[in-house]
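*Asks:* When you get a sec, could you give me coordinates for this:
(2 chains)
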Amino acid sequence: MSTSPQEHSGWTRYAPWILLAVILVFPFILPSRYLLRTMVNIFFFAALGCAWNIIGGYAGQLSLGHAAFMAMGAYPTALLLLGYNVPPWLGFIPGVVVAVVMAFLLGHMVFGLRGPYLALSTLAFGEIVRILLLHFRDQTGGSLGVTIPFKGTDAWKLQFASEQPYYFICLALLGLCLYVTYKVHGSRMGYYLQAIKENQDAAENLGIDLANNKVRALMISAALTALLGAFYVSYFYYIDPDSVCGVDLSIKILLVAIIGGVGTVWGPIIGACILIPLTEISNYLFGSGRAGASLIIYAIILMLVILFSPRGLIALLPGGERSYRHE
Amino acid sequence: MDVAIFLQTIVNGLMMGGVYALIAVGLTLIFGVMNVVNFAHGEFVMLGMVLTYLLHAFLGMDPGVSILLVIPVMLGVGALVQKGLISRVIGQPDEAQILLTLGLSVLLINLALLFLGPDYRSVKTGYKFSVWAAGPVLFSVPRLLAFVVAMAFSGILWLFLTRTDLGKGLRAVAEKPEVATLMGINPKKMHALAFGIGISLAAGAGSILSPFFYTFPSVGGMFVLTAFVVVVLGGMGNIPGAILGALAIGVTESLTSQYVALDLAMLGVFIIFVLVLVFKPSGILGKGKVY
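*Replies:* Numbers count the residues shown, from 1 in each chain, chains lettered A, B, ... in the order given. Have a look, this model is predicted:
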């Protein structure tokens, strides 16, 4: 349930709408390709963070293998387009179905585990998927990956020469992820998940079905992540097991949510708005060849957040504490 | 099935398993005493390899000698990391320590990348390609040395934990921290000692790996997952369990790569891992005490 209107005073009530208007007209006022790509990156990682947040933040079930769900969305989309000319608009569906089924199976297998055991089993899950993608090279291209040729603007195939269409598609995907998170946040299931996060045993004693709620949260999260994977391959035209299924990506996804604020609707957006520009600035300062520099900054921010503001940076904002509460 | 090839596969697995054992006993010691899963453990293997590489490149020091320098240095580093970082999340939710050590891992990999670059480096010893034949089975000399040294250090750790007062103090903190405190043992000192020993053994494993394994910033990732598997298999906190688990995992990996497919070696390991987690998360030997 949303915060009541009287808590917002004056202009802050309209601030989100003004921001949205700016975001919507931005590509027409400043059609710089570089800026738009950066914005798409922000939307994309914010959306991934939102999707992760449903299971990792709200339910407190730390997943270190989320990249695997992205690969499940990305690979079928790419292979269907290449092999059978199925447009990504339809081609994303099998991947999402696979991800949801895998989430169902994985959830029932590992959600009896807690803490480090759960984190380790999700890490192993991600690695198993990556090893299989590398092994079945006849189908997946192995470590060479899959490249989609660009054959001129074709909306049916989700191929555009200009950046604007991707900008709005990714914005819409972020909107979808936010909408789903918002719905979960205010739903009965959202309350259950928070109870599970606070204390699993107490939640179970109150009659909450732990396994069922956790698995449902993982299935929602996996579906959104796979959908974003389908967008990823349509936008970058290239995937390989390390870029869409690596541990690095899984960590980056959870960083966005944790640095911004776990278990909040807006936390991942704050996280992405900090991390992605930081990457750009550090690439500018140190050169993108020294890829290490931006990750050093990420790691230091992560450690500082864990030590000094474990609820994420959103808790430091005025009124940020409110984002956790159900009102 | 060719018996010689089969024996060779088992021997190769055991040799590698020995190195895994040295990495895993450190990880399991840290878990047993501090209840912390160290996601940065692999990066300390990498630091050990880097130190050994540098000592070899600039001073021409043999890895067998540099391990005697690497271990005390990393003991100090570990105690400092524990006091400065890890101690702040002891007693907090699991997520805090997982994410803190994960952050440390990303930091160390990328610092190495920044200072050393992404190149694969190797330590070229005189015995790098030497082979010792025992009947039909061939022992690669650097791997055999690594196995012997790893087993020796694991044995020394076991003697330390069972025969010395300091070691008994560590075990007391692992079993009943409150009672240990009442007996005049300072749990904070024991945590620093456990973390120091744990990562110095990982770094020592890095030293003995360096003659036959490339050194590069993200090399730790290749060992840390295996070490987690071993530790879970043996029972978290159980040192004999970790040694047996490591040998079993080494052999599993070797058999999978020989008889299934080379690039699926880790798959066999992970499948065992998930099965153990799901059906017997306390490990084959049970959640043990540190002894």
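*Asks:* All the helices of the chain, residue numbers only.
*Replies:* Chain wasn't specified; assuming chain A. With DSSP state H, the ranges of helices along chain A come out as A:15-29, A:33-53, A:67-84, A:88-110, A:115-135, A:137-140, A:164-186, A:188-198, A:200-205, A:210-236, A:241-245, A:247-260, A:267-286, A:292-308.
*Asks:* look at chain B instead
*Replies:* Using DSSP H, helices in chain B cover B:3-34, B:41-59, B:63-84, B:94-116, B:141-163, B:165-175, B:177-182, B:187-209, B:220-234, B:239-259, B:265-279.
*Asks:* Now these in JSON lines, please, with extra columns for distance to residue A:53, mean neighbour count and mean pLDDT.
*Replies:* Every residue, glycine included, has its C-beta placed from N, CA and C. Listed next are these as JSON lines, based on distance: least, CB to CB, whole Å; neighbours: other CB atoms under 10 Å in any protein chain shown; pLDDT from 0 to 100:
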{"stretch": "helix B:3-34", "distance to residue A:53": "28", "mean neighbour count": "24", "mean pLDDT": "92"}
{"stretch": "helix B:41-59", "distance to residue A:53": "27", "mean neighbour count": "23", "mean pLDDT": "94"}
{"stretch": "helix B:63-84", "distance to residue A:53": "30", "mean neighbour count": "19", "mean pLDDT": "93"}
{"stretch": "helix B:94-116", "distance to residue A:53": "13", "mean neighbour count": "22", "mean pLDDT": "89"}
{"stretch": "helix B:141-163", "distance to residue A:53": "41", "mean neighbour count": "18", "mean pLDDT": "91"}
{"stretch": "helix B:165-175", "distance to residue A:53": "35", "mean neighbour count": "19", "mean pLDDT": "87"}
{"stretch": "helix B:177-182", "distance to residue A:53": "34", "mean neighbour count": "14", "mean pLDDT": "82"}
{"stretch": "helix B:187-209", "distance to residue A:53": "31", "mean neighbour count": "26", "mean pLDDT": "93"}
{"stretch": "helix B:220-234", "distance to residue A:53": "25", "mean neighbour count": "26", "mean pLDDT": "88"}
{"stretch": "helix B:239-259", "distance to residue A:53": "34", "mean neighbour count": "22", "mean pLDDT": "91"}
{"stretch": "helix B:265-279", "distance to residue A:53": "24", "mean neighbour count": "19", "mean pLDDT": "82"}
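*Asks:* I'd like these as CSV, with distance to chain A appended.
*Replies:* Below are the helices of chain B laid out as CSV (distance: least, CB to the nearest CB, whole Å):
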stretch, distance to chain A
helix B:3-34, 8
helix B:41-59, 11
helix B:63-84, 10
helix B:94-116, 3
helix B:141-163, 22
helix B:165-175, 16
helix B:177-182, 18
helix B:187-209, 15
helix B:220-234, 5
helix B:239-259, 11
helix B:265-279, 5
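*Asks:* looking at those, which is closest to residue A:294?
*Replies:* helix B:94-116 (8.4 Å; CB to CB).
*Asks:* re the thing from before, could you export the helices of chain A as CSV, including mean pLDDT, distance to residue B:6 and mean neighbour count?
*Replies:* Below are the helices of chain A laid out as CSV (pLDDT from 0 to 100; distance: least, CB to CB, whole Å; neighbours: other CB atoms under 10 Å in any protein chain shown):
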stretch, mean pLDDT, distance to residue B:6, mean neighbour count
helix A:15-29, 82, 64, 11
helix A:33-53, 93, 45, 23
helix A:67-84, 94, 34, 25
helix A:88-110, 93, 33, 19
helix A:115-135, 89, 23, 22
helix A:137-140, 87, 28, 13
helix A:164-186, 92, 52, 19
helix A:188-198, 88, 49, 19
helix A:200-205, 87, 46, 13
helix A:210-236, 94, 41, 24
helix A:241-245, 90, 31, 23
helix A:247-260, 90, 34, 25
helix A:267-286, 86, 50, 20
helix A:292-308, 86, 43, 20
